[in-house]
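1. Quick check, what structure comes out for this input:
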Amino acid sequence: MAKRNHIIILVFGLVLFVSLACGSSNEGTKVTPVAVEATLTSPPVSEEAGTVATPAATAPQPASTTATFEVGDLVEVERHTIRLNRVEYRGDVLIANFTIENNGNSDVNVSSLMSFSAKKSDGTQLTQEIFDCDEAGLDGKVLPGDKLRGGICWSGASPDDGIRIYYEASLFGKGAVIWNAVAGTAEPLDTATDSAPDGEVYKVGDLVQVGEHTIRLNSIEYRGEMLVANFLIENHGDADVNVSSMLSFSAKRDDGTKLDQAIFDCDAAGLDGNILPGDRLRGSICWSGASPEDGIKVYYEASLFGRGAVVWETVAATSEPDISADAELKTEVFAAGDIVEVNGQTIVLNAVTWRDDVLQANFTIENQGDAEVAISSMASFYARGRDGSTLEQDIFDCGSSLDGKVLPGDKLRGDICWSGARAGDGIKLYYKAYMFGQGAVVWRVD
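-> Below is the predicted model:
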């Protein structure tokens with residue numbers, strides 16, 4: 001699970017490249033030194049740096065870009081602050097834990113790979129440990145008034161290497177913030193009272209308008225150390241809305257630490273997929289390592305490249321939405337037996353069979369174009385109930401397969417099954433001829 005999340009973080013770090021590139025320089029940093037309990041004696045700061053970490057500083061002091069800071073120093077970088085909370089050596093791995101707090105009026109985008117580096121005293125750069133770093137990551141968007149806390153790991157490290165850590169708030173700015181990587185911990189780790197995002201923080205049951213779609217947090221539930229959040233998204237616009245639980249949603253404790261999404265131990269109906277104009281999607285997202293006392297907030301970003309986010313508090317509660325009426329799709333809805341032409345092929349829903357709570361649908365696809373058509377029952381087909389919940393495909397004991405290549409002039413016939421289905425649930429079946437295209441063919445099967 002940790003490896004999967006780190007892969008997502010790596011991809012997200014690359015996505016943030018453009019955002020970080022548009023930032024400003026690191027000139028004009030300020031520092032508020034604080035008391036530090038170090039496990040090793042910190043080397044003195046050079047006279048040239050002109051900064052000494054003394055307790056009880058009352059205000060940030062100006063520092064040149066060549067200053068070298070220590071664990072616990074609160075450094076102001078234009079409109080945000082950054083603090084190295086802890087440095088730890090585990091074997092040959094260096095672990096650095098930071099808190100970034102946004103005191104400005106615009107988002108701060110953070111990338112551990114793009115913004116942070118570490119070097120030995122001889123100038124040798126260390127390699128970041130992406131997959132074996134047992135720390136909450138330090139990647140993502142920090143809203144105005146909010147904070148982000150997490151760790152970065154580097155391999156091939158030793159306390160005797162004279163390692164220094166570098167932070168560049170902008171890839172194309174001048175200078176960097178530099179720390180001595182001397183093992184130590186600054187307590188308390190929070191430098192101020194709990195911060196919160198500027199703007200409204202919503203609750204369970206609130207209906208939030210985001211562009212041309214609405215999103216509603218239906219319920220918050222704690223199952224041991226698992227936080228389960230159930231959402232309903234309705235598309236009122238004229239273009240598809242694409243939802244990704246991993247890319248669009250996050251959760252953080254009040255100290256800024258991000259929680260890990262629990263992908264495999266969550267509810268069957270996830271919150272991923274395409275929402276056609278007039279349609280809806282309902283599903284759950286789960287995070288592990290959660291407690292009601294953590295002051296957790298959940299965040300939704302409708303666009304990876306957009307600004308801001310929708311924020312909810314996570315007090316356990318339930319508020320069921322009104323889903324008695326069918327969603328009013330702004331596209332034609334077909335019935336069994338209709339011949340549908342799409343992208344040089346025809347597709348027909350031949351029959352629908354109910355076996356207890358399993359729906360079995362038999363399709364025929366005929367390729368009338370000049371190029372091969374690749375069919376995947378898992379990737380191209382899905383089914384949802386009236387409330388927008390996605391049904392789970394039943395891949396065992398489901399008749400003839402509907403997977404494979406269809407040559408020009410040829411056809412393929414087969415079955416797809418979904419479990420947890422009932423005839424009165426207002427179920428619709430969807431077929432996407434292109435994985436990354438807009439729209440879908442829709443059948444109503446009641």
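2. List the backbone torsions phi and psi for the closest residue to D403 other than its chain neighbours.
-> Taking CB to CB, 6 or more residues apart in numbering, and ignoring the residues beside it in sequence, D403 has S377 as its nearest neighbour in space, at 5.3 Å. To be clear about C-beta, it is placed using only N, CA and C from the backbone, and glycine gets the same treatment. The phi/psi pair for S377 (degrees, to the nearest 10) reads phi -60, psi -30.
3. how many other residues sit next to S377?
-> The tally of other residues near S377 (other CB atoms under 10 Å) stands at 20.
4. Next, the contact list for it, please.
-> Residues touching S377, when contacts are defined by CB atoms under 8 Å, 6 or more residues apart in numbering, comprise Q393, I395, S401, L402, D403, G414, I416.
5. By neighbour count, which of these wins?
-> Within the contacts of S377, most neighbours by other CB under 10 Å means I416, with 25 neighbours.
6. That one contacts T353, doesn't it?
-> No. Here I416 does not reach T353: they are 11.4 Å apart, not a contact under CB atoms under 8 Å.
7. what residues do these two have in common as contacts?
-> Shared contacts of I416 and T353 (CB under 8 Å, 6+ apart): Q360, A361.
8. picking up where we left off before, lowest pLDDT pick from the contacts of S377?
-> In terms of pLDDT, I395 ranks lowest among those, with 87.
9. Nearest residue to K411 in space, please, no chain neighbours.
-> Spatial nearest neighbour of K411, chain neighbours left out: E366 (4.2 Å); criterion: CB to CB, 6+ apart.
10. per-residue confidence averaged over the host helix or strand of that neighbour?
-> Element membership for E366, per DSSP states H and E: strand 358-367. Mean per-residue pLDDT for strand 358-367: 96.
11. Contacts for the very next helix or strand once past that strand next, please.
-> Once the chain leaves strand 358-367, the next helix or strand it forms, by DSSP H and E, is strand 373-375. With contacts defined as CB under 8 Å, 6+ apart, strand 373-375 is touched by G344, Q345, I365, N367, L402, D403, G404, K405, V406, L412.
12. ok, the fifth one touching Y431?
-> Looking back up the chat, that one is L402. No. Assessed by CB under 8 Å, L402 is found out of contact with Y431, at 10.3 Å.
13. shared neighbours, these two?
-> Taking CB under 8 Å, 6+ apart as the criterion, L402 and Y431 both touch F363, F381.
14. can you list the weak-confidence ranges in the stretch 301-446 of the chain?
-> For the stretch 301-446 of the chain, the stretches with pLDDT under 70 are 435-437.
15. so where do the helices sit in it?
-> According to DSSP state H, counting those that start in this stretch, the stretch 301-446 of the chain carries its helices in the segments 377-380.
16. Over to the stretch 101-250 of the chain?
-> If you assign secondary structure with DSSP H, counting those that start in this stretch, the helices in the stretch 101-250 of the chain sit at 112-115, 245-248.
17. follow-up on the earlier one: tell me which two of the contacts of S377 sit farthest apart.
-> By the measure CB to CB, those have their two most distant members at Q393 and G414, which lie 13.0 Å apart.
18. ok, so of the contacts of S377, who is nearest L281?
-> Using CB to CB, Q393 is the member of these that lies nearest L281, at 16.4 Å.
19. Identify the residue spatially nearest to the closest one, adjacent ones excluded.
-> The shortest distance from Q393 to any residue other than its chain neighbours is 5.8 Å, reached at W418 (CB to CB, 6+ apart).
20. Number of residues surrounding the one you found?
-> By the criterion of other CB under 10 Å, W418 has 24 neighbours.
21. A383 is in contact with that one, correct?
-> Yes. Using CB under 8 Å, W418 is in contact with A383, at 4.6 Å.
22. Need the residues touching each of those two.
-> With the criterion set as CB under 8 Å, 6+ apart, the overlap between the contacts of W418 and A383 is L359, L391, I427.
23. Can you lay out these as JSON lines showing neighbour count?
-> Shown next, in JSON lines, are those (neighbours: other CB atoms under 10 Å):
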{"residue": "L359", "neighbour count": "24"}
{"residue": "L391", "neighbour count": "22"}
{"residue": "I427", "neighbour count": "22"}
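24. which residues does the residue nearest to Q393 contact?
-> V358, L359, A361, A383, L391, E392, Q393, D394, I427 are the contacts of W418 under CB under 8 Å, 6+ apart.
25. Thank you, goodbye.
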